[in-house]
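*Asks:* Here is the input, now give the coordinates:
(one chain, ligands or ions: 1)
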Amino acid sequence: MADISFSLSGRKAMVIGADSGIGLACARAIANAGADLVIGGIDPGKGEGLAREIGAESGTKVSYVAVDVTREEQVAAAVKEAVARLGGLDIAMNNAGIPGWPGAIQDQSAEQFDTLFAINVRGAMLGMKYQVPHMLAGGKGSIINLASTAAITGLAYCAPYAASKHAVAGLTRSVALELADKGIRVNAIAPGPVNTGLLASMRAGRSALPASPGGAQVPMSRVSEPEEMAGAVVWLASDASSYVTGTLISIDGGVVAA
Ligand code: NAD
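*Replies:* Alright, predicted model coming up:
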């Protein structure tokens with residue numbers, strides 16, 4: 001009989017890119033579902049306080065580790081430190097991402113493209129590279145990456161961002177296949193517009209650009225709040241999703257259906 005509990009009691013979780021927005025909301029939900037947690041980010045001044053606040057709310061062990069996902073040695077050290085504090089690792093969320101620099105393809109810069117990919121794609125790859133050995137050692141695990149509806153459809157004037165999220169989808173599906181018979185599941189969520197700093201800066205960057213044909217309208221006529229991502233993430237982290245791997249879960253108010 002499958003376990004259909006959403007409880008994460010006794011689980012050992014790490015969320016990378018948890019200083020704000022979706023990562024913070026999901027970290028909070030993972031701890032509130034019972035997991036001990038290490039949150040990682042680039043803003044220790046803020047992160048230490050967030051960890052204390054989440055831990056007080058959840059009653060689980062929550063701490064912070066500084067990590068810039070563009071630096072491989074920092075990702076390796078952060079995962080090692082998380083495993084030492086938690087006594088293992090069986091849930092990991094690779095959330096760090098930036099919107100890049102919206103603009104027409106002829107105005108894109110190679111350097112900015114590389115910066116975007118270093119965070120959105122190489123960051124997720126490095127996260128998994130260092131998380132997976134610990135999950136293999138423990139014989140189980142669930143990894144949740146951050147894709148986007150822009151991993152499924154195009155996004156005019158954000159071609160590098162959409163390409164980065166298509167790449168995250170490819171990483172997710174491929175690593176899921178590598179680990180499918182080893183007790184480790186790898187999935188991604190594909191949010192539509194979420195009310196965060198990233199969305200605000202993407203919209204500000206696109207505001208001076210021409211409207212795009214087929215530009216995504218949200219059938220539900222609103223953006224989501226970061227907390228609306230958390231239910232699917234807790235489900236993907238839990239045994240209630242035990243047969244789910246290699247998939248992108250759209251949480252998008254109907255964007256991809258339209
Ligand atoms: P956000 O700006 O609030 O969060 C981004 C997080 O990534 C922050 O915590 C930031 O500190 C972290 N980060 C950035 N660069 C980093 C680095 N080099 N190393 C470590 N951490 C780094 O925005 P958000 O919307 O919550 O974004 C979270 C994820 O969700 C991103 O991957 C984003 O692409 C994805 N997403 C967002 C939306 C949206 O509409 N907001 C839609 C689809 C997907």
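
*Asks:* Only C-alpha atoms from now on, for both contacts and neighbour counts.
*Replies:* OK.

*Asks:* got the residues of the stretch 151-258 of the chain near the ligand?
*Replies:* Contact residues, the stretch 151-258 of the chain versus the ligand (C-alpha under 6 Å from any ligand atom): 191-199.

*Asks:* what about Asp107, how many residues close to it?
*Replies:* Asp107: 10 surrounding residues under other C-alpha atoms under 10 Å.

*Asks:* rewinding a little: check the residues of the stretch 151-258 of the chain next to the ligand for burial and list the buried ones.
*Replies:* Neighbour-count burial (16 or more other C-alpha atoms under 10 Å) applied to those gives 191-195, 198-199.

*Asks:* Please flag which of the residues of the stretch 151-258 of the chain next to the ligand sit within helices.
*Replies:* Judged by DSSP state H, the subset of these located in helices is 197-199.

*Asks:* Would you tell me which one of those residues comes nearest to Ala77?
*Replies:* Distances from those to Ala77 were compared by C-alpha to C-alpha; the smallest belongs to Leu198, at 26.5 Å.

*Asks:* I'd like to know how far that closest one sits from Arg28.
*Replies:* From Leu198 over to Arg28 the distance is 19 Å, taken as C-alpha to C-alpha, to the nearest Å.

*Asks:* do the same with Ile39
*Replies:* Going from Ile39 to Arg28 by C-alpha to C-alpha gives 10 Å.

*Asks:* Also Arg11?
*Replies:* Distance, Arg11 to Arg28, by C-alpha to C-alpha: 14 Å.

*Asks:* I'd guessed Ala76 sits against Pro133; true?
*Replies:* No. With contact defined as C-alpha atoms under 8 Å, Ala76 does not count as touching Pro133 (11.4 Å).

*Asks:* So if I had to pick from the two, which one is more boxed in?
*Replies:* With neighbours defined as other C-alpha under 10 Å, Ala76 and Pro133 compare such that Ala76 has more, 17 against 12.

*Asks:* Now do the same contact list for that one.
*Replies:* With contacts defined as C-alpha atoms under 8 Å, 6 or more residues apart in numbering, Ala76 is in contact with 126-127, 130.

*Asks:* ok, now with 7 Å
*Replies:* Tyr130 (C-alpha atoms under 7 Å, 6 or more residues apart in numbering).

*Asks:* still on that earlier bit, inside strands: which ones of the buried ones among the residues of the stretch 151-258 of the chain next to the ligand?
*Replies:* Pro191 (DSSP state E).

*Asks:* could the buried ones among the residues of the stretch 151-258 of the chain next to the ligand go into CSV alongside distance to Gly246 and pLDDT?
*Replies:* Formatted as CSV, those follow (distance: C-alpha to C-alpha, whole Å; pLDDT from 0 to 100):
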residue, distance to Gly246, pLDDT
Pro191, 16, 98
Gly192, 19, 97
Pro193, 22, 97
Val194, 23, 97
Asn195, 26, 97
Leu198, 26, 95
Leu199, 26, 93
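
*Asks:* Among the buried ones among the residues of the stretch 151-258 of the chain next to the ligand, which one sits closest to Tyr243?
*Replies:* Distances from those to Tyr243 were compared by C-alpha to C-alpha; the smallest belongs to Pro191, at 21.3 Å.

*Asks:* hey, where'd the helices end up in this protein?
*Replies:* Counting by DSSP H, the chain has helices at residues 21-32, 44-58, 72-86, 110-120, 122-138, 159-179, 197-206, 230-237.

*Asks:* Which secondary structure elements does the last one sit against?
*Replies:* Under the contact criterion of 3 or more C-alpha pairs under 7 Å, 6 or more residues apart in numbering; DSSP states H and E, helix 230-237 touches helix 21-32.

*Asks:* Thank you kindly, that will do.
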